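**Q** Have a look; sequence and predicted model below, questions after that.
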Amino acid sequence: MKIIILGAGRRGIRLAKHLTEEKHDVVIMDEISSEVEEAMSSVDCLGITGNGTDEDDLAESGVKDADVFIALTGNDETNLVSCGLVSSYFNVPMTIASVKDLSYSKSNNHLHEGIKPFMGISQIVNPYKETADHIFQEIDKGIYSDVISFDNSRLILYNVFVHKHSSLKNKKVKSIRKAVSGDFILTALNRNGVAIVPNGETIIMAGDTLTLVAKEDSVEKIMMSIGSKREKPKKIFIVGATRITDFLLKNFSPSALKRITVIAKDPDLCKELADKYPQVLVINESITKEGIFISENISSSDLLISITDNDELNILTASYAKHNGVKISMAVVNKNQDFIRMANHLDIDSLISTQDVTVDTIVKFLQGEKISNSYLLFGGSIEAFEFNVFRGNKIIGKALKDIDMRGKGIIAGVSKNGNETIIPSGSYVVEESDVLIVVIERKYSHDIRMLLDLGEDV
């Protein structure tokens, strides 16, 4: 497919890398020539300097032949207008706009739901809402970094950091099934920023981050056996009265809101949140004020989430909270992706990147009908997706051990008839209508998709 991305910022580059790995024809367009040049040096794609709201510039980008147009600039109006133009004048089949303003986001519609799209735009993505939903999902599942649930399965995917005293340290992958209780499979391993799909002989080392796929009712047993048990937090402290905070609070029940405290230094934002969520205790104060952790008893919190607009403050606050007795800490990263790899070294339990969450959401919209969900892990180097096995697929009737991924990926779970979920062995034979959970190294994505008879969908 041919895909035009308007906006050569971090999100645009991140998405372009994903799409070029899928062997798609990608063009990045931006008004700033230096941004275009930087994008082209990072991604194997064509770059065009131009205005996304100018018909001539859009035509020069080759949009008339595009299958998808995605607007990721930092300006809501530019994203909306550009998508409207390419939909109306160039008849591009799918348009996606990143929009932060709440009033626009209320028009967030899906074409396949039969709702008339806003300004001809197929999908509006609100980065703040998507980030808030991701945070809530992690809280709901017990605060495991990169926790993922799937639409058609009761399996979940989550990461486990191997501490120096972990029972998993120095064990081979093939031996941990015997050492750890519960039904699960180890699907990926991240060591020093390099992510791989491990084999049975791979030795787990301190500092590794492991990606597990397990039955949801087995997670507590697994985490207890490796000394990493976590419970849903009862007392939550949120730093920052941002739009992400607002969206996050909407996810909680009235009774749960009574256990949440928000602290922010902007009096107007504090009043707005206090009026909107009367069950929440809102404190108008700076988190950097000396003695604030003692005066507000922050250290007794089960969970602290730092969601200010300042990445550095979020990182420092989350790290400081752990050193002062808070059980679990989370931080949101809005701009500086370099902070993501620092999480384990700073003893922060979970870092959530608004950029990564936004790109993941867009990737889901782009998937063909054979793939119902797709998620990127470890900076996009690992992908997990749900794969619907339709009639005629060439892997039907094959045992998993005969689907040779050559260490590039693994089929980690199977859901049958919408109710039975299993962690399969190599002898499992694929049947029509199965839903498979597949975890792969992104650099082999195109090869794996061809192997699984997924065609050329994104």
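**A** Cool, got the structure.

**Q** How much space separates the residue nearest the centre of the chain from V332?
**A** For the chain, the residue lying nearest the average C-alpha position, counting by Cα atoms, centre = their mean, turns out to be V357 (4.0 Å). As defined by Cβ to Cβ, to the nearest Å, V357 lies at a distance of 9 Å from V332. Backbone N, C-alpha and C define where each C-beta goes, glycine included.

**Q** Overlap in contacts, the two.
**A** Overlap between the contact sets of V357 and V332, as judged by Cβ atoms under 8 Å, 6 or more residues apart in numbering, is given by T131.

**Q** Any regions of the chain where pLDDT drops low?
**A** Across the chain, the ranges flagged by pLDDT under 70 are 102-118, 141-146, 225-231, 341-345, 368-369, 418, 455-458.

**Q** give me that answer again for 50
**A** When residues are selected by pLDDT under 50, those of the chain lie in 105, 107-116, 458.

**Q** the strands in the stretch 301-450 of the chain, which residues?
**A** 303-306, 328-333, 350-353, 371-377, 382-388, 409-416, 420-422, 435-441 (DSSP state E, counting those that start in this stretch).

**Q** for those, which one sits closest to L72?
**A** Closest approach to L72 among these is made by strand 350-353 (14.4 Å; Cβ to Cβ).

**Q** and the closest one, what other elements does it pack with?
**A** The criterion is 3 or more Cβ pairs under 8 Å, 6 or more residues apart in numbering; DSSP states H and E, and the helices and strands that strand 350-353 contacts are helix 127-141, strand 328-333.

**Q** Strand partners (parallel or antiparallel) of that strand?
**A** The strands beside strand 350-353 in its sheet (DSSP bridges) come out as strand 328-333 (parallel).

**Q** Report the beta-bridge partners for I328.
**A** L303.

**Q** State the distance from it to T354.
**A** 20 Å.

**Q** same thing with D140?
**A** When Cβ to Cβ is applied, the distance between D140 and T354 equals 19 Å.

**Q** One more: I48?
**A** As it turns out, when the distance is counted by Cβ to Cβ, I48 lies 26 Å from T354.

**Q** And D404, by the same measure?
**A** The spacing between D404 and T354, counted by Cβ to Cβ, is 38 Å.

**Q** neighbour count winner among these two?
**A** Set D404 next to T354 and count neighbours by other Cβ atoms under 10 Å: T354 wins out with 22 against 8.

**Q** Verify the contact between the more buried one and V332 for me.
**A** Yes - between T354 and V332 there is a contact at 6.5 Å, judged by Cβ atoms under 8 Å.

**Q** okay, and the common contacts of the two?
**A** 131, 244.

**Q** Give the bridge partners for the closest residue in space to K364 that isn't next to it in sequence, please.
**A** By the measure of Cβ to Cβ, 6 or more residues apart in numbering, the closest residue to K364 outside its immediate chain neighbours is S374, 5.6 Å from it. The partner list for S374 in beta bridges (DSSP bridges) reads F385.

**Q** related to what we said a few turns ago, give the full set of residues in contact with the residue nearest to the centre of the chain.
**A** Taking Cβ under 8 Å, 6+ apart, we find V357 in contact with 127, 130-131, 134.

**Q** again, only using 10 Å
**A** For V357, the residues meeting the contact criterion (Cβ atoms under 10 Å, 6 or more residues apart in numbering) are 125, 127-135, 332, 375-376.

**Q** again with R406
**A** In this structure, R406 makes contact with 197, 444, 447-448, 451, judged by Cβ under 10 Å, 6+ apart.

**Q** Quick check: the gap between it and I382.
**A** Applying Cβ to Cβ, one obtains 16 Å for the distance of R406 from I382.

**Q** any chance of the strands of the stretch 301-450 of the chain in CSV, plus distance to I32 and mean neighbour count?
**A** As requested, the strands of the stretch 301-450 of the chain are exported to CSV (distance: least, Cβ to Cβ, whole Å; neighbours: other Cβ atoms under 10 Å):
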stretch, distance to I32, mean neighbour count
strand 303-306, 31, 28
strand 328-333, 23, 26
strand 350-353, 23, 24
strand 371-377, 26, 21
strand 382-388, 30, 23
strand 409-416, 37, 22
strand 420-422, 48, 15
strand 435-441, 33, 23
